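Colleague: Provided below for reference: sequence and predicted model.
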Amino acid sequence: MQHQKKIFLSVMMLFGAFTVASGQSIWTKQTSGTTQQLNAGIWAGSQLVIVGGSCCITHSAAILTSSDGIAWTTRNPGTTNVLFSVTTTGTQLVATGNSGTILTSPDGVNWTMRNSGTTKNLDQVIWTGSQLVAIADSGNFLTSPDAITWTSRSTGSKQVLTSVTWTGTQLVAVGLAGTIWTSPNGITWTNQNSPTIYDLNSVIWTGTQLVAVGGNDNNGNILTSSDGITWVKRSPGGGIYLTSVVWTGTQLVAVGLGGPTSPISTSPDGVNWTARISGTASSEGLLSVTWTGNQLVSVGYNGIILTSPQNSTAIGSQSGVRNTLLVQNRRAVVYTISGNKVFEITSLNTNHVKIPTNELSPGVYLLEINDINTSLVQPFSVSR
């Protein structure tokens, strides 16, 4: 099992005050054992199941399983087609992917290829409680009661769809250029007015509201709705392209692309969003996030897997600071609250680095501390 290094903060007082605020999550990079792109994950009640793969030059599929999010086992998918999505019906796992690929498994270990009847890419699959619904290319769907027999459905439009969710009374699908469709049964679909022309990549139902996230090249995009018909645009709290969103029961967590400064946004209510820092490299964009009941698990490019425990917060509030913040770790980066880098300090010969807080103007900053296996981000304020 991978050992995680603890991070400590120690400070001394001269002129000002240094405060570490709570509410930020601690994200830990886990060893996945693969460099393949990981597209989606699901908590199946006793294990995490992640799917993905590589394409373009050579095609290959990836399936990983884990009981704790730390130790991961590679499984044989029995196909070279890239997998885009995975869900659970409670009795079986269902994965979908490139060229109409559908796989089923009773345990996450042994996988069986199913006949989808299509060669279209199947981008996402969900279970409503009575049927499976899979998004296909160009406004199409497949539905199935058992993952064996599949029926083709269509919105009647060529608009590209990316994500679908079930509210208990209706299906809601979103897609590129702000596309939104609703259906009571997966057969008849209604196009809804959207307040955005930006892409929508993921949509979920929290129990009280729908939340859809996406963006364009430079900006995040978040919409909320209580009924799937009337949608309100929200500020994502940072300029990031959002790819996935999940509800933990107490907060919304959205992940995306954009490098170390702000690929994660969180919200308690879907209205007020705060950009977070995961500590990932710019090449390690996050494509999916899932909730196990006690931890968040996010996956993405180059086999990256990040985990964050339930209610993970700051190391604690500190007061009585002088003009130096002593961080007992090898690397620390300070950003402004908008994500602009102020300091990046690395010490290869000692176990701590010193941050000259007396050189910072009064205000709120973000401190990122990371090592090989650990990444922690905390806001702090400087006052004089």
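Modeller: Cool, got the structure.

Colleague: is the most centrally placed residue in the chain in a bridge, and if so with what?
Modeller: When the chain is reduced to its mean C-alpha position, the nearest residue by Cα atoms, centre = their mean turns out to be residue 289, at 3.0 Å. Residue 289 has the following beta-bridge partners by DSSP bridges: residue 298.

Colleague: Can you check what pLDDT the model gives it?
Modeller: Confidence at residue 289, expressed as pLDDT, is 96.

Colleague: okay but it is in contact with residue 246, surely?
Modeller: Yes. With contact defined as Cβ atoms under 8 Å, residue 289 and residue 246 form a contacting pair (4.9 Å). (C-beta placed from N, C-alpha, C; glycine too.)

Colleague: one step back: ok, now which ones touch the residue nearest to the centre of the chain?
Modeller: Applying Cβ atoms under 8 Å, 6 or more residues apart in numbering, one finds that residue 289 lies in contact with 41, 244-246, 253-255, 296-298.

Colleague: What about these, which one has the most neighbours?
Modeller: Using other Cβ atoms under 10 Å as the neighbour test, the contacts of residue 289 are led by residue 254, with 33 neighbours.

Colleague: Report the secondary structure element holding that residue.
Modeller: For residue 254, the enclosing helix or strand under DSSP states H and E is strand 252-257.

Colleague: Quick one: list the elements packing against that strand.
Modeller: Counting contacts by 3 or more Cβ pairs under 8 Å, 6 or more residues apart in numbering; DSSP states H and E, strand 252-257 is packed against strand 210-215, strand 220-225, strand 241-247, strand 264-267, strand 286-291, strand 295-300.

Colleague: Paired strands for the third one, with orientation please.
Modeller: Each strand paired with strand 241-247, and its direction, by DSSP bridges: strand 252-257 (antiparallel).

Colleague: Compute the inter-axis angle for the strand it pairs with and strand 286-291.
Modeller: For the pair strand 252-257 and strand 286-291, the angle between their directions (axes from the mean of the first three to the mean of the last three Cα atoms, to 10 degrees) equals 160 degrees.

Colleague: Let me see the residues that make contact with strand 252-257.
Modeller: Contacts to strand 252-257, defined as Cβ under 8 Å, 6+ apart, come from residues 202, 206, 211, 213, 215, 220, 222, 236, 240-246, 263-270, 273, 278, 285-289, 291, 296, 298, 300.

Colleague: What angle do strand 220-225 and that strand make with each other?
Modeller: Angle, strand 252-257 to strand 220-225, by the same axes, to 10 degrees: 150 degrees.

Colleague: Report the angle between strand 252-257 and strand 210-215.
Modeller: Between strand 252-257 and strand 210-215, the angle formed by their directions is 20 degrees, by the same axes, to 10 degrees.

Colleague: returning to that earlier point: of the contacts of strand 252-257, grab the buried ones for ChimeraX.
Modeller: To isolate the buried members of these in ChimeraX, using 16 or more other Cβ atoms under 10 Å:
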select :202,206,211,213,215,220,222,236,240,241,242,243,244,245,246,263,264,265,266,267,270,273,278,285,286,287,288,289,291,296,298,300
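
Colleague: about what we covered before: and the gap between the residue nearest to the centre of the chain and residue 153?
Modeller: From residue 289 across to residue 153, the span is 28 Å (Cβ to Cβ, to the nearest Å).

Colleague: again with residue 212
Modeller: From residue 212 across to residue 153, the span is 21 Å (Cβ to Cβ).

Colleague: Which one of those two is surrounded by more residues?
Modeller: Summary of the neighbour comparison: residue 212 and residue 153, criterion other Cβ under 10 Å, with residue 212 having more neighbours (31 against 19).

Colleague: give the contact list for the more buried one.
Modeller: For residue 212, counting by Cβ under 8 Å, 6+ apart, the contacting residues are 163, 174, 180, 200, 202-203, 222-225, 231, 245.

Colleague: same thing but at 6 Å, please
Modeller: Each residue near residue 212 by Cβ atoms under 6 Å, 6 or more residues apart in numbering is listed here: 174, 200, 203, 223.

Colleague: So what's the residue count around the nearest residue to residue 171 once chain neighbours are set aside?
Modeller: On the basis of Cβ to Cβ, 6 or more residues apart in numbering, the spatially nearest residue to residue 171 that is not a chain neighbour turns out to be residue 183, at 4.5 Å. The number of residues packed near residue 183 is 19, by other Cβ under 10 Å.

Colleague: same check, this time on the one 10 residues further on
Modeller: Neighbours of residue 193 under the rule other Cβ under 10 Å: 9.

Colleague: list the buried ones in stretch 36-45?
Modeller: Within stretch 36-45, the residues scored as buried using 16+ other Cβ under 10 Å are 36-44.

Colleague: Quick check: mean pLDDT of that stretch?
Modeller: 96.

Colleague: Kindly report the same for stretch 104-123.
Modeller: So the average pLDDT for stretch 104-123 ends up being 97.

Colleague: what's the answer for stretch 200-214, then?
Modeller: Averaging pLDDT along stretch 200-214 yields 97.

Colleague: starting at the chain centroid, how far to it?
Modeller: Remark: stretch 200-214 is offset 13 Å from the chain centroid, using Cα atoms, centre = their mean, to the nearest Å.

Colleague: Pop the domain breakdown of the chain in here.
Modeller: Under the assignment automatic domain parsing, the domains of the chain span 8-23+314-383, 30-309.

Colleague: Next one, pLDDT for residue 25 please.
Modeller: Note on residue 25: pLDDT of 54.

Colleague: and if you look at residue 249?
Modeller: Listed pLDDT for residue 249 reads 92.

Colleague: and it, that's in a helix?
Modeller: No. Note on residue 249: no helix contains this position according to DSSP: H, G, I helix; E, B strand; the rest coil, which reports coil.
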